[in-house]
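> only geometry, no sequence info:
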């Protein structure tokens, strides 16, 4: 069982920056990608960004492309999400996920973290 622990959420003003991290307890041979999803109040969980664990392919949603950067440290089993130029519409609960294949939808994820809250004030 893979456990994911996120950290780094908080409250920031619009235009500011936050960095999230997510550490996995173990990674198996079936780990293909890790990434981030988010769920705003009253909305469905949506894809934010993903990175291939053994390669370096990164995919971003159109809403965060150019503002967010996903990266990984394989030795620490950790991924990061650097979020710049934050907007109020980025306010959401951010979830880390691990997938056995490329993740572009929540159904692609095999394991989930508990989530960390990001709030952007206007």
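Structure received. From a predicted model like this one, the values you see are computed outputs, not experimental measurements.
> Just list whatever residues bridge to the most centrally placed residue in the chain.
When the chain is reduced to its mean C-alpha position, the closest residue under CA atoms, centre = their mean turns out to be residue 36, at 2.1 Å. On the basis of DSSP bridges, residue 36 is bridged to residue 49, residue 96.
> Now for the nearest residue to residue 97 once chain neighbours are set aside, how many residues are close by?
Of all residues not flanking residue 97 in the chain, residue 109 sits nearest, at 3.7 Å (CB to CB, 6 or more residues apart in numbering). From N, CA and C alone the C-beta is placed, and that goes for glycine too. Neighbours of residue 109 under the rule other CB atoms under 10 Å: 22.
> List the residues that contact residue 109.
Residue 109 makes contact with 35, 37, 97-99, 103, according to CB atoms under 8 Å, 6 or more residues apart in numbering.
> Got phi/psi on it?
The phi/psi pair for residue 109 (degrees, to the nearest 10) reads phi -80, psi 140.
> repeat for residue 106
phi -60, psi -30.
> is it true that it touches residue 37?
Yes. Contact status for residue 106 versus residue 37: in contact at 6.0 Å, counting by CB atoms under 8 Å.
> Overlap in contacts, the two.
Counting by CB under 8 Å, 6+ apart, the residues touching both residue 106 and residue 37 are 45-47, 97.
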